[in-house]
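**Student:** quick one, what's the 3D model for this:
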Amino acid sequence: MVTKNEAFPSKFLKAADLGGKPLPVTIASAAVEVLKSPEGVEQSKVVLRFTNGKKPLGKGLPLNLTNFDAVAEITGEDDSANWLGHKIELYPARTEMRGKVVDCIRIREPGQPELKATATRRPAKKSPPPSDDDMDDEVPFTR
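**Tutor:** I've put the predicted structure just below:
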């Protein structure tokens, strides 16, 4: 038998590639590449490539806004050209995308305690609590 990832290999990292465990890496490059969205729209993305020890990882990671911001915070640099050589940790997580909860890769500083993978959820819309005030009491006004 063959797994989906074996049958359809990707040149980019997927959450399944992490085997359910965090992966400490060093940023080897941060290049802008033109990629196609699932809808076929071309978009420019920063794609990180890594080493793990001295061994280069074969797959890159296109950054979404959340992961770009995580790397910028960890490195203290908003310019991806200054990220080379910085150590980060990739870890599997879950998030909501297009109404479905899916596996994803998130980025944090190395050595963070294990967190249970949970979906990022939008806050539920809440109705205001019922009030005992009728709000139609007469208020005396004087001039």
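**Student:** residues contacting residue 50?
**Tutor:** Neighbouring residues of residue 50 by CB atoms under 8 Å, 6 or more residues apart in numbering: 25, 26, 27, 28, 56, 57, 60, 61. The way it works is simple: take the backbone N, C-alpha and C, and place the C-beta from them, glycine included.
**Student:** between those residues, which is closest to residue 78?
**Tutor:** Nearest to residue 78, judged by CB to CB, of the contacts of residue 50 is residue 27 at 14.5 Å.
**Student:** in this structure the closest one contacts residue 83, no?
**Tutor:** Yes - with contact defined as CB atoms under 8 Å, residue 27 counts as touching residue 83 (4.9 Å).
**Student:** any residues in contact with both of those two?
**Tutor:** 48, 71.
**Student:** give me the element residue 68 is part of.
**Tutor:** helix 65-75 (DSSP states H and E).
**Student:** which of the residues in that helix are buried?
**Tutor:** With burial defined by 16 or more other CB atoms under 10 Å, the residues of helix 65-75 counted as buried are 67, 68, 70, 71, 72, 74, 75.
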